[in-house]
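>>> Compute the structure for the input listed below.
(3 chains)
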Amino acid sequence: MAVTGLFLIFFLLFHMYGNLKMFLGQEVYDEYAHWLKVDAFVPIFPHGGFIWVFRAIVLAALALHIWSAITLWLRANKATESRYAVTTRLEQTYSSRMMRWGGVILAGFLLWHLYQFTLAPTNESPYAAVSEAFSQWYFVALYALWLIAVCMHVRHGFWSAFTTLGANTSAKAKLVLDGLAWIVAIAIYFGFILMPVAVLLGWIG
Amino acid sequence: MSENTINITLRVWRQPNGHTPGKLVSYPVKDVSTDMSFLEMLDLLNEELTVKGEEPVAFDHDCREGICGMCGVVINGTPHGRGSSPVPTTTCQLHMRMFHDGDVITVEPWRARPFPVIKDLVVNRSAFDKIIQAGGFISVNTGAAPEAHAAPVPKLKADRAFDAATCIGCGACVAACPNHSGMLFTAAKITHLAMLPQGQPERHLRIKKMIGVHDALDFGGCTNIGECAAVCPKAIPLDVISQLNRDLISSLFTRDGK
Amino acid sequence: MDWVIDMAKPEDFFTVGADIADTKANTELPIEQVWADRQFHAALVNPSNRRKLTVIIVGTGLAGGAAAASLGEAGYNVLNFCYQDSPRRAHSIAAQGGINAAKNYRNDNDSVHRLFYDTVKGGDYRARETNVHRLAEVSANIIDQCVAQGVPFAREYGGLLDNRSFGGVQVQRTFYARGQTGQQLLIGAYQALERQVDAGTVQMFTRHEMLELIVVDGKARGIVTRDMVTGEIEAFTGDAVVLATGGYGNVFFLSTNAMGCNNTAAWRAHRKGAYFGNPCYTQIHPTCIPVHGETQSKLTLMSESLRNDGRIWVPKNPEDATKDPRDIPEEDRDYYLERIYPAFGNLVPRDIASRQAKYRCDEGLGVGPAVTEIDLDGNEKQVRRGVYLDFAEAISRLGKDGVAARYGNLFDMYAQITGEDPYETPMRIYPAVHYTMGGLWVDYDLSSNIPGLYVTGEANFSDHGANRLGASALMQGLADGYFVLPNTINDYLSKGPYPALTPESPEVKEAVDSVKARIEQLLAIDGERTVDSIHKELGTIMWEYCGMERTEAGLITAIGKIRELREEFYKNVKVTGENEDFNQTLERAGRLADFLELGELMCIDALHRRESCGGHFRAESQTEDGEALRDDEHFLYVGAWEYHEGKPILHKEPLIYKAIELKQRSYK
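Sure, this is the predicted structure:
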């Protein structure tokens, strides 16, 4: 759970870096996309080979992540005999409690996201396809909402992953990890939402 | 000490035994002195029920000074009524001055499959003993000990060992955990022994065995939610779980495990 | 019945039987050699034969848990029982202050002999010399053993163990783990025990209460238990039985014991022939939180280590009782322990500190809420039962953090229970029943007079005489469990295995049937009064007449009242539910039935011992300054009582002091 989660956060950060290239114009962005899909690491990989290896790794991480989550979920259900009539929560955050259902929502959006931009793009030029999509206000709004779910998931996930990996061994370490989790979550939010907003407002695209 | 009295309504979980379903039953309790402990208030209720010829409410308790770990009920949704207390507490050390006249207080047993209900508010926590049996000890026979000063322990490590060793095995962590994980309990013992030089030889083997039994007993997995540490009457910090994870990871790369 | 009691004399309540003596220790040898000699002469059991021998151990506290673990390690087949849901919950866990050991880590002239001497003196010369010396000898091994188990004792920055001083001694020999020493030691023993459970040498039976002893051909061969979940009455048999069932302080209803602590196992053994030694020796602990009201269920002890830095005082003027203590100027305070006992000050032994607090309150100088009391003449009066324990001086010397580091958890506990902040206002304390030095009589091997029945820890009478020093209970429990019993019980077991018993054996059947009959009797009464209401009444009688100060008239009155109350119990108690269920009322009723018999024996013992010694203070026997006055000429013996319905038989074990010279105790 922790290792795959951290890998997926790394992927998100990398993805965010790519998105931000939109600000450098159509040529740079399309060239970057083309490099990624066709020219990357040639001749170690054949043309168009790297992207499939990369996709396979990300999908495998995702699959493992989901498998771990389901295992934990089943174990929790098995450990639950009956439910309390009254439950008062003292410490747990909304994001920690929403990891499972939040994960399901994220997965649903992800399928749609992949369909829209990867499986059935509306334009030959990725730059144009992205611009087209984000020039509709409702689409940006939906995307912004989705990102909130992503960042909540990342906020708990980031600190939780490091805790699982044994980094949270003092009160100070907890403070640092909590802080880092918030920074990463907020950075991801703004890093991802900046470009669609810019497109919507007509600054780029 | 104050000499106030309050009237309250209790909603108590009544369940005749493990294989009969239970339900919440309401009882008004009058003239409760606010200096009474929560369990003394239950005593009062039981005295009234007995005089009326009704079966008193079964609840576990023993030392009534917060150290034996025998008592423990969920009060208004938090184990040991931690939600009603400004400081970490066991049920026996929760006092009625934390409640107000007219309050409705819901009292339930620990709910987790590894802790089956025996009767009313009493559950079977022998699963914890099984986790300790798996390796929560240092293998030293009586008489085989070296001189006590043979191995100095740095004070900070000794203090951390102590903080973890204060666990009273009450089970509140499992009761509060949405996953019903026994990880805080297990990790407290792992950390206690891992901090001490005496605990090193079996460090990796111990963790593998204890985790194995923990999982086999149908406790849930830990997702670092933190509710366990929040209700722990001894304030055992969540970081012991991270210590456990760290040791578990390193145990995967050592050969002394089975 | 009243007029009979009024006319009665002490001699009417008992008869005197033959003297008894310990036959296991060779007292001809110098005392330093007695234990080694006994270890050498005790017969051994070949390791390969040990698993054929079954030892039944009742109780999982320090004495029972340590013994079960050690005998399991040795290879015996051990059956271990406790009434709690886990062996880790035995009441040893509540001991706060520490454990003594003659390590002399402080270079302050401590030694085995000094620990021995302090313990005998602290016990007011009413303990058996040889047993106490052995206790001091093995004390250092206990610390080694516990450290090796991972017990996190307090340490200094150099990584070595810290020590502190404790009441009744002038050296620093007490090892501690914050204010939770008992917990940490018990967890150590518990872990060792669970290791043996895993190894298959110990079988653990939790939520099982021993209700009868099985005696066959004069030997203890087993026990009858009730499964507290299902109500099943079952017999377990073996080659020897060890009772490690703790003390009987709950006869007072209000005590610092856990709610479940009871004397039923020991009492059942007593009724089957085991002698009860010195039942009147009870310790009243000076530093407990005062009673808050009538619904109080137990009293909470504050470790007497608090007396290291806290100063005990009362106002000099009764009218200051309700004032904010911080507003009472120094010159209007009476630091009475420092005044009366300048050498020991606030660290005088427990019995003295307790009695002095009682006197101050009797004089009308007590503080806290006034409670209604009825005196011997039947008059109601209002008394404040509390004295101040003040840390203002310690806080100014050590700082608030320094005090918190030493006593933080005790201060928190006090604040939680009373709702007052002890860092700001002085604590209020009052004595409470804490420990019972009396218990089943044992010889040097810890064997009772019934062959095969061993008694360890607080359940026996052996090491503390008439008063126990602080931090010595943990020492004794672990000494008995780890080092003494495992080296003496082999002498008896070497003659085994004893002939196997079945559920059909007549003695087994008789024991099981008698337990069932007793339970049926209790359930059939169906009266009007709750178990607790009768228990509280018994407690009031015991506290009033057999508490800190005892008189002939008072004790005779108490015996009469207890007999009446016992009649009331069997006529009018209400036990709800049935046996075949988890039934806590039934559990309590059975325990109270035995307390109602024990209480009478305690009063008879107190009545016959017309001297003051340690925790037993007879008003008729005191010095001019009101100190306990021993009568060595007439009472230098252990009073071992044989059960005889209506009139117990007293057997005297004369105490012989060779290594220590008898002195009148002085802490001035």
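
>>> Please name the residues that touch residue C:142.
Each residue near residue C:142 by C-beta atoms under 8 Å, 6 or more residues apart in numbering or on different chains is listed here: C:99, C:101, C:475, C:478-479, C:482-483. The C-beta positions use only the backbone N, C-alpha and C, and glycine is treated the same way.

>>> typo on my end, it should be residue C:619
Going by C-beta under 8 Å, 6+ apart, residue C:619 touches C:549-551.

>>> Next, give phi and psi for it.
With angles defined as degrees, to the nearest 10, residue C:619 sits at phi -60, psi -30.

>>> Need the pLDDT of it.
On pLDDT, residue C:619 comes in at 94.

>>> which of the contacts of residue C:619 has the weakest pLDDT?
residue C:549 (92).

>>> What about that residue, how many residues nearby?
Residues lying near residue C:549 (other C-beta atoms under 10 Å in any protein chain shown) number 18.

>>> How about the one 5 residues further on?
Look at residue C:554: counted by other C-beta under 10 Å, it has 21 neighbours.

>>> in what helix or strand does it lie?
Using DSSP states H and E, residue C:554 sits within helix C:552-572.

>>> now the helices for the stretch 1-150 of chain B?
Here the stretch 1-150 of chain B has its helices, by DSSP state H, counting those that start in this stretch, at B:38-51, B:126-133.

>>> Sorry, slip of the keys, the one I care about is chain A.
Ranges of helices in chain A, per DSSP state H, are A:2-20, A:26-34, A:49-79, A:94-97, A:99-114, A:126-134, A:137-164, A:171-200.

>>> for those helices, which one sits closest to residue C:232?
Across the helices of chain A, residue C:232 has its closest neighbour in helix A:49-79 (29.6 Å, C-beta to C-beta).

>>> Any buried residues in the helix or strand bottoming out on mean pLDDT in chain A, and which?
Ranked by mean pLDDT, DSSP states H and E, the weakest helix or strand in chain A is helix A:94-97, scoring a mean of 87. Across helix A:94-97, burial judged by 16 or more other C-beta atoms under 10 Å in any protein chain shown covers A:95-97.

>>> For chain A, what is the nearest residue in the stretch 151-258 of chain B?
residue B:246 (2.6 Å; C-beta to the nearest C-beta).

>>> Give me the nearest residue to that residue, chain neighbours excluded.
Distances taken as C-beta to C-beta, 6 or more residues apart in numbering or on different chains put residue A:166 closest to residue B:246, at 2.6 Å, once the chain neighbours are dropped.

>>> That neighbour touches residue B:247, doesn't it?
Yes: Residue A:166 lies in contact with residue B:247 (C-beta atoms under 8 Å); the separation is 7.5 Å.

>>> domain ranges for chain B?
Listed by automatic domain parsing, the domain ranges of chain B are B:5-108, B:126-138+B:152-257.

>>> Mean neighbour count, the ones you listed: which tops it?
domain B:126-138+B:152-257 (a mean of 22; mean count of other C-beta atoms under 10 Å in any protein chain shown).
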